[in-house]
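> Quick one, what's the 3D model for this:
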Amino acid sequence: MAVHEVSLIRSETVAEGTLAFHFERPRGFTHQAGQSLLLRLIDAPETDAEGDARTFTIASAPHEPDLMIATRMRDTAFKRVLRKAPPGTRVTIDGPDGQMVLHAEAARPAVLLAGGIGVTPFRAIAQHAAHAGLPHRLHLFYSNRRPEDAAFLEEFEQLQARNPNFRLIATMTKPQASGRPWSGETGVIRRDMLARHLQDLEAPIYYFAGPPAMTLAMHQMLDEMGVDERLMRYEEFYGY
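Numbers count the residues shown, from 1 in each chain. Got it, this is the predicted structure:
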């Protein structure tokens, strides 16, 4: 891994309270879909005890021109600085790192279980699979409170329409709090939901990412289903 100094290209809102930040890709920088990087602010105008660096999944796929991250915008010094950063702001990135990458055995389906902003590695994986024409069957179970909170939801719906190997199962835990109609799944990701959408619960490799409570719940659910630990890949996403 090497440390690179790069510029912010642009930022955009991808869900209520969630922003994506696009940075230039350093020459020669390569990564696998699902990997992460360490982003450090340079000469930040404010800081706090948590420091000026955070680890983020690279939400962009390897073929995309920018390096994109996405994060919930909580009230910390790091995120206040990042939110206000104009295009051209310089930061350093260290990476790539991480093992949250798609398995090589294409005959095994991949079941991706995401809570909130934990969807970022799966955005990269799904986009890469479609671009590369991978034969893997991908099922993304994506849980949010409301559709307004679901980053990249429309993008996943479009991806499902053009990649027959990709299936989106979005579920909302508080659809009644939404200003939009919702006719999809409701409640948390659970065993009966998986059983309705998967032909075989024991065949896939399961990937899950989200807040610590969510990843703990997914691990416990899969353990109770008898899924071997070797068929689980997971990462926790903290709110900072």
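> now the strands: where do they sit in this structure?
2-15, 18-23, 36-41, 53-57, 67-72, 90-97, 110-115, 138-144, 166-172, 185-186, 205-210, 232-236 (DSSP state E).
> Could you list the buried residues of the third one?
If I follow you right, that is strand 36-41. 36-41 (16 or more other C-beta atoms under 10 Å). Heads up, the C-betas are built off the backbone N, CA and C, glycines and all.
> Closest to A53 out of these?
The shortest gap between A53 and any of the buried residues of strand 36-41 belongs to R40, at 4.1 Å (C-beta to C-beta).
> Name the nearest residue to the closest one, ignoring sequence neighbours.
A53 (4.1 Å; C-beta to C-beta, 6 or more residues apart in numbering).
> Got the confidence number for that neighbour?
On pLDDT, A53 comes in at 96.
> Could you tell me how far it is located from A44?
10 Å (C-beta to C-beta, to the nearest Å).
> Check Q127 too.
Distance, Q127 to A44, using C-beta to C-beta: 31 Å.
> I figured P204 was touching A107, is that so?
No - using C-beta atoms under 8 Å, P204 is not in contact with A107, being 10.7 Å away.
> So these two - more neighbours on which side?
P204 (21 against 8; other C-beta atoms under 10 Å).
> quick one: contacts for the residue sitting nearest the centre point of the chain?
Among the residues of the chain, the one closest to the centroid is T120, at 1.4 Å (C-alpha atoms, centre = their mean). The contact partners of T120, taken as C-beta atoms under 8 Å, 6 or more residues apart in numbering, are 56-59, 69-70, 151, 209, 237.
> hmm, try it at 10 Å
14, 20, 34, 36, 56-60, 68-71, 100, 114, 151-152, 209, 235, 237 (C-beta atoms under 10 Å, 6 or more residues apart in numbering).
> try F56
With C-beta under 10 Å, 6+ apart, F56 has these contacts: 21, 36-39, 67-71, 93, 95, 117, 120, 237.
> Among those residues, which one lies nearest to A85?
F21 (7.9 Å).
> Just the pLDDT at the closest residue to the closest one other than its chain neighbours, thanks.
Leaving aside its sequence neighbours, F21 sits nearest to S11 (C-beta to C-beta, 6+ apart; 4.9 Å). The per-residue pLDDT reported for S11 equals 98.
> Next: the one 5 residues further on.
As summarised for this prediction, E16 has a pLDDT of 96.
> burial count for the residue nearest to I117 when sequence neighbours are not counted?
Computed as C-beta to C-beta, 6+ apart, the closest residue to I117 that is not its neighbour in sequence is R72, at 5.2 Å. R72: 18 surrounding residues under other C-beta under 10 Å.
> what's across from R72 in the sheet?
When bridges are called by DSSP bridges, R72 pairs up with T18.
> With H139 instead?
V111, R167.
> go on, T186?
Beta-bridge partners, per DSSP bridges, of T186: M172.
> pretty sure it is touching I169, no?
No - under the contact definition of C-beta atoms under 10 Å, T186 does not touch I169, with a separation of 11.6 Å.
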